[in-house]
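Engineer: okay, predicted coordinates and the sequence, questions at the end:
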Amino acid sequence: MNAAAVPVEGDGLPDAGLPLIELVEHGGSIPLRLDDATGRALAASGAVEAVPDAYLPGLWHVTAGRKVGTATVAVRGEGAVMVRILPKVPIARLLFLLGYSLHAKGWRDEDVQVSGAEELLPAVARLFERQAEKALRQGLLQGYRTVEETSVVVRGRMRQGDQIRRHNGRQLPMETLHDEYTTDIPENQLLRTACERLLRLPSGGLPSDVRGRLLRLRVRLADVTVVGRGHPLPEWRPSRLNVRYRPALRLAELVLQGASVEHRPGEVTVSGFLFDMPKVFEDFVTVALREALVEAGGYCRLQASHHLDERAKIRMVPDFVHYADDGTPTAVADAKYKAEKRGGFPDADLYQMLAYCTVLGLPEGHLVYAEGNAPHATHRVRRAGTTIHQHALELDQPPSGLLTEVRALAGRLAAPASV
């Protein structure tokens, strides 16, 4: 379908009458006839870039940037438009990148088997529903939860401080603390919250069969607490008891990472399911490098904070730094979700990496790109003696091949620098 702001109907598409704009990640600018309110809302949304034509009133040029997924952009009293941004990489590969960065040791590629024609939001929702249903076949997982409550019946032990502070010495009611064996535990809370986030997305964004199964899943989890927006997600720890839950929990975390509602100035509301591709790529590269360097000794820091100047006024944050056991930096890498142009990669990336190497006292630095004309290139800086490597990963390949490339890259980081 060509990108256009036209009403569409049908299963898996936006609500009837809601305009749909379909774009490709980092694709070319698309000219669209939009009213000023819609154009300004798109420009303020952060989901896409939208600028008015310099000569023709009512014509806007809309471009997809770094985000992929589906979102509804609305202005109070002015209607709404749905934006669908298709990723350049296959959906299954995108889900692998997301999943591996969350749980590198436990991620399996069979967790993301999707139809080649399925889009991002329906694919994620279908996979989540499928894995959640499998997790709950043996019933809801139960566990102990510490509960503080006000009661007229003694359960557990009394919270003496709260009793005196709240009731001024009265015996009833009592402030108690006890452990309760319940289904309202972190694992089920994550599943319930992810289910709710998917169901709150525009109804046309999900196929009707998936929405129906999510509604049935909600009923099964009816007694479980939903985590409100802005509140930290409950933490869960892998154990033999929650083994059957783990694939569903990984997908629940993907859903909660991508589902978003954001209010911006000017009465613009953005609701939908969006992923920031540079962040997805950065998370995958750094986590995969960390896993590949486990046997090399030392330790890794992701987003390690350092300072460029001696007065510590100018902060710099390399994506990945490997240290020896004594804390001495041994390697630095930065992930760039960019494709190499005809004239090469941006020079600014080289300047940035040179600064990292200078501050960390390293003779070599590594820039990792999502696509390139060659798998590896080097630049030796005049008078400094610093060598900067540029690596290109091929994302559109099976996960095994992609991880093999990352392991080869890790081998370069671990190897002694050549003088």
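Structural biologist: Structure received.

Engineer: mind listing what the closest residue to Gly65 other than its chain neighbours touches?
Structural biologist: The spatially closest residue to Gly65, leaving aside those adjacent along the chain, is Glu49, at 5.6 Å (C-beta to C-beta, 6 or more residues apart in numbering). Yep, even glycine has a C-beta here, placed from its N, CA and C like the rest. Glu49 makes contact with Ala43, Val62, Thr63, Ala64, Gly65, according to C-beta atoms under 8 Å, 6 or more residues apart in numbering.

Engineer: these two touch, right, the first one and Ala50?
Structural biologist: The reference is to Ala43. Yes - using C-beta atoms under 8 Å, Ala43 is in contact with Ala50, at 4.2 Å.

Engineer: so between these two, which is more surrounded?
Structural biologist: More neighbours surround Ala50 than the other of Ala43 and Ala50, with 24 against 18 (other C-beta atoms under 10 Å).

Engineer: immediately after the helix or strand that one falls within, which helix or strand?
Structural biologist: Per DSSP states H and E: Ala50 is located in strand 48-52. The helix or strand immediately downstream of strand 48-52 is strand 59-64, counting by DSSP H and E.

Engineer: mind listing the helices for the stretch 201-350 of the chain?
Structural biologist: Here the stretch 201-350 of the chain has its helices, by DSSP state H, counting those that start in this stretch, at 208-220, 246-258, 277-292, 347-360.

Engineer: and the ones you listed, which one averages the lowest pLDDT?
Structural biologist: Comparing mean pLDDT across the helices of the stretch 201-350 of the chain, the weakest is helix 246-258, with a mean of 86.

Engineer: residues contacting the most centrally placed residue in the chain?
Structural biologist: Nearest to the mean C-alpha position of the chain, counting by C-alpha atoms, centre = their mean, stands Gln257 at 4.7 Å. Taking C-beta under 8 Å, 6+ apart, we find Gln257 in contact with Leu98, Leu102, Phe275.

Engineer: rerun that using 10 Å as the cut-off
Structural biologist: Contact analysis of Gln257 by C-beta atoms under 10 Å, 6 or more residues apart in numbering lists Leu98, Ser101, Leu102, Ala194, Leu233, Phe273, Leu274, Phe275, Asp276, Lys279, Val280, Asp283.

Engineer: next: Pro173.
Structural biologist: Glu149, Thr150, Ser151, Val152, Val153, Gln163, Arg166, His167 are the contacts of Pro173 under C-beta under 10 Å, 6+ apart.

Engineer: how close does it sit to Val154?
Structural biologist: To Val154, Pro173 is 11 Å away according to C-beta to C-beta, to the nearest Å.

Engineer: ranges for the strands of the stretch 251-400 of the chain?
Structural biologist: 259-264, 268-276, 299-302, 306-307, 315-316, 320-323, 329-339, 364-371, 376-380, 387-392 (DSSP state E, counting those that start in this stretch).

Engineer: let's have these in a markdown table, adding distance to Leu127 and mean pLDDT.
Structural biologist: Output for these, formatted as a markdown table (distance: least, C-beta to C-beta, whole Å; pLDDT from 0 to 100):
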| stretch | distance to Leu127 | mean pLDDT |
| --- | --- | --- |
| strand 259-264 | 14 | 53 |
| strand 268-276 | 13 | 80 |
| strand 299-302 | 26 | 95 |
| strand 306-307 | 39 | 95 |
| strand 315-316 | 38 | 96 |
| strand 320-323 | 29 | 97 |
| strand 329-339 | 24 | 91 |
| strand 364-371 | 24 | 92 |
| strand 376-380 | 35 | 91 |
| strand 387-392 | 29 | 94 |
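
Engineer: out of those strands, nearest to Val24?
Structural biologist: Counting by C-beta to C-beta, Val24 lies closest to strand 329-339 out of the strands of the stretch 251-400 of the chain; the figure is 13.4 Å.

Engineer: list the neighbouring strands of that closest one plus their orientation.
Structural biologist: Its sheet considered, strand 329-339 pairs with strand 320-323 (antiparallel), strand 364-371 (parallel) by DSSP bridges.

Engineer: thanks a lot, see you next time.
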